[in-house]
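Trainee: I would like the atomic coordinates for the input below:
(2 chains)
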Amino acid sequence: MTEKLVIIGNGMAPGRMLEHLLEQAPGRYAVTIFNAEPRVNYDRIMLSPVLSGEKAYEEIIIHGDGWYIANDITLYKGHKIVAIDRTAKTVTSDHGVTEAYDKLVIATGSVPFIIPVPGHNLPGVLTYRDLDDVQAMMLAAQSRAKAVVIGGGLLGLEAAAGLNAQGMDVTVLHVMPTLMERQLDPAAGYLLQRAVEQRGIKVITKANTKAITGDGKVERVELADGTIIPATLVVMAVGIRPNSALAKEAGIAVNRGIVVDAGMRSNDPDIYALGECAEVGGMVYGLVAPLYEMARVAAHQLAGDESAAFAHMDTPTKLKVTGIDLFSLGDFAEGEDRQEIVLRDASAGVYKRLVLKDDRIIGTVLYGETADGAWFNDLKKKQTDISEMRDTLIFGQSYQGGAPLDPMAAVAALPDDAEICGCNGVCKGKITGAITGKGLTSLDDVRAHTKASASCGSCTGLVEKLMVLTLGDTYNPAAVQPMCSCTTFGHDEVRRLIKAKHLKTIPAVMQELEWKTSCGCAKCRPALNYYLVCDWPDEYADDYQSRFINERVHANIQKDGTYSVVPRMWGGVTNAAELRAIADVVDKFEIPMVKVTGGQRIDMLGIRKEDLPAVWADLGQAGFVSGHAYAKGLRTVKTCVGSDWCRFGTQDSTGLGIRIEKFMWGSWTPAKVKMAVSGCPRNCAEATCKDVGVICVDSGYEIHFAGAAGLDIKGTEVLGQVRTEDEALEHIVALTQMYREQGRYLERIYKWAKRIGIAEIKRQIMDDAHKREAYYDRFIFSQKFAQVDPWSERVSGKDKHEFQPMASVGFAQAAE
Amino acid sequence: MNWISIGTLSDIPRRGARCVATPQGKIAVFRTADDAVFAIDDHCPHKGGPLSQGIVHGAAVTCPLHNWVISLETGKALGADEGTVRTIPVKREGERLFLALEALASRAA
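Mentor: Residues are numbered from 1 along each chain as shown, chains lettered A, B, ... in the order given. Take a look at the predicted model:
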């Protein structure tokens, strides 16, 4: 007969337990889960990358809805268990559902510790525990205001880095003298503090929070020494405690956590506890590796194997802040019977310390270079006598025996039982065995079969090296098309890493992302220059030598090496004075051809490069600025005459077109952007084949996008309809900014939209007002630095060298 | 060898080029990221594009017209393309740069 298994809580530990149980005793239990959170099982370790914007929630789901259905598991989402009746063997949820059990597993996790200072319950004080917290923080971050994170431990620093990546001004308050003092010694704590501060995060150590104050919401944090820090968001990340209240009320033995034996069984033989709420052997745990071990033990017990037992384990700590490499393991306090080996390389930002006792490693701190963490962990675990290699130990595994410092060789040299994935306790032999035994060819396959690199992901590099070693050339790590032959990264990866690692120059990108060439090529350099211009508008110094010639000299190169010049005519409207000035310029510089363009502009072709500044000077006198006809940027906004003249016009399409163009000119985009505004659905401005188009109707403005009329022909998609001109402008600007931030260099809007999905774009721009406003604000900020007329700059002498030969020689000498 | 002064290193932007006008046409003088200097005819062997206007990377330039990549050291097209542009000896003395005159004359002949 099937037994009834009820699980309270749906975090990572019970999720893992179920995986084991389904494998070992399929069909033995009818499983019901009550999850207080209204969602499926997701990877909590990855909340920090979600907060920093490096991952989306969908990417961190462990078990999707389909998994529960496929395994016939009943999941009550958003049901919090309020009572356990041990006599009747039932549990009851806050929604009134009562379920009987034969075996009960309590996995209620932990609750964040809140410092009971005055004001701790003001709106704007958050903790950092689940997806709701992350979403609340991301919402608060849109204000780009000031945040205070209380707690300089693992969670606090990850929260601070995430909020900083979201654009907030962040201060970390830490009560101890150095950061992460439980995992790091003071020297590494200092290096960490410096790295955190270099990202623009302020750190105050020895900070005692006295009160959080404000009028109805958080406005500031006050410290015991009188310091006052303004803040609209306070995140408390000072620690967690096991969530054992429910068990206690049911009369189950509780100490710090729910007391269980090595088989994860409480003092009620039908009730088990595991995860952060459980106390085993007098210890409670918060890192994933021991929690997964608990899950394995509990599954074995439930499957009938009573020999399974949990043993204490030391787990390495890693900080999941992109760009900061940090590894800490074991005990590193100083002592008379201990020796230490320290390596410092200040210029490379590397610090390594090994703590030894009786010629064995008992503790390790690695900062800046953590590749040997797995090896040191292995030596520690096996209690290896290191006296033979003591002198070179700190240089790592690949140094032993004079072997070359090749990371691949280091991985090859690891013994089969060396741990690769600390989160899931997967050793090298299991991974290589699965690759050959099961014929695995992709990283995702390896993750699915072995769980290696499936939690925090910090061992992904090691796993990939194992795949290369095992599969040889048949393994193709990058299914992603690389940007160019200078790198293995694709455009999206590069864009993500520029933001995540705060890379602000082309050399920094190439250095950090290990470019294969010394200074890139004609494909990657313009792309990188655009990404940096877009992502750091106020800080990045535009690298003109990485721009295509047209953007470098602000004119269009022609087949004979001459240039064409297109002045801006807002909305395609001009007048007699402008036309006269153009005619004069054409005469004066003997310009061979004048042509009207498809974007309602006048193009002067065949101008010698040397003449460009003088041509611009004359055009500038008449009030002309650059038309950016050469730019990967906003080109033209075509208009029809609209309600001013046309008997069918419904709105002032000319006025709106001019307004859009005046608002958006000068902005750089991944590829050119052409727009149009038509005053009625007859669509004389041909707005429905443009990158962005507007069709005016009686009731407002229909916004279109993702059209094409070049290599491809494609009608636009409708983004949505809005009522006022202001709204139309806001939506168009937000859409353009979204494209600016996500588009790959040279990818037109219609291709980007196809890749991202029309529905997703509509959702972000039409339905999510916060997102839309944030995009809009970022565009405006960027325009502060972009709206400078490049022609008048050059008339005033900028980049003079571009327009004149360096020397004229040979003319006189030829006569000699 | 007769060397003609054409200016100084700082006249040319790093990873950039300037032209020297001669009776026989323009010569493009390149300065790489690590301050090596090369001179070649400003004329792509493909369709005559002005190489001085291209993007400079390593010791090569990509032509602005059709993206041929030309080696600054040999004047040869790199990759699958075939063609060669004339290289002109260039000498650097401190900051000053010189082009070889004989090479100039030889083209006129």
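Trainee: Break down the stretch 1-150 of chain A into its strands, ranges please.
Mentor: Under the criterion DSSP state E, counting those that start in this stretch, the stretch 1-150 of chain A carries strands at the ranges A:3-8, A:29-35, A:41-42, A:61-63, A:74-77, A:81-85, A:90-93, A:98-100, A:103-106, A:110-112, A:125-127, A:146-150.
Trainee: Just checking: what are the partner strands of the fifth one?
Mentor: Just to be clear, that refers to strand A:74-77. Here strand A:74-77 is paired, per DSSP bridges, with strand A:29-35 (parallel).
Trainee: you'd agree A:S485 is in a helix?
Mentor: No. Secondary structure of A:S485 (DSSP: H, G, I helix; E, B strand; the rest coil): coil, not part of a helix.
Trainee: show me the residues around it that make contact.
Mentor: A:S485 makes contact with A:K516, A:C521 under the criterion C-beta atoms under 8 Å, 6 or more residues apart in numbering or on different chains. The way it works is simple: take the backbone N, C-alpha and C, and place the C-beta from them, glycine included.
Trainee: Tally up the residues packed near the residue in the stretch 501-650 of chain A that chain B sits nearest to, please.
Mentor: Going by C-beta to the nearest C-beta, chain B is nearest to A:A522 of the stretch 501-650 of chain A, at 3.5 Å. Neighbour count for A:A522, taken as other C-beta atoms under 10 Å in any protein chain shown: 20.
Trainee: what kind of secondary structure is it in?
Mentor: Secondary structure, three-state DSSP: A:A522 is coil.
Trainee: Next: the one 4 residues further on.
Mentor: Per three-state DSSP, the local secondary structure of A:P526 is helix.
Trainee: Hmm, A:Y544 and it touching each other?
Mentor: No. Counting by C-beta atoms under 8 Å, A:P526 stays clear of A:Y544, with 10.7 Å between them.
Trainee: Please tabulate the strands of the stretch 1-150 of chain A in a markdown table and include distance to A:D603, mean pLDDT and mean neighbour count as additional columns.
Mentor: Listed next are the strands of the stretch 1-150 of chain A as a markdown table, based on distance: least, C-beta to C-beta, whole Å; pLDDT from 0 to 100; neighbours: other C-beta atoms under 10 Å in any protein chain shown:
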| stretch | distance to A:D603 | mean pLDDT | mean neighbour count |
| --- | --- | --- | --- |
| strand A:3-8 | 70 | 95 | 22 |
| strand A:29-35 | 63 | 94 | 22 |
| strand A:41-42 | 55 | 90 | 24 |
| strand A:61-63 | 53 | 88 | 18 |
| strand A:74-77 | 61 | 92 | 16 |
| strand A:81-85 | 73 | 94 | 17 |
| strand A:90-93 | 71 | 94 | 19 |
| strand A:98-100 | 75 | 94 | 14 |
| strand A:103-106 | 74 | 96 | 26 |
| strand A:110-112 | 63 | 90 | 19 |
| strand A:125-127 | 56 | 91 | 22 |
| strand A:146-150 | 50 | 94 | 27 |
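Trainee: so A:R552 makes contact with A:K798?
Mentor: No. Using C-beta under 8 Å, A:R552 makes no contact with A:K798, being 11.5 Å away.
Trainee: give me the number of residues near residue 59?
Mentor: Assuming you mean chain A. A:E59: 12 surrounding residues under other C-beta under 10 Å.
Trainee: that's the wrong chain, I wanted chain B
Mentor: When neighbours are counted by other C-beta under 10 Å, B:A59 registers 16.
Trainee: Sounds good, over and out.
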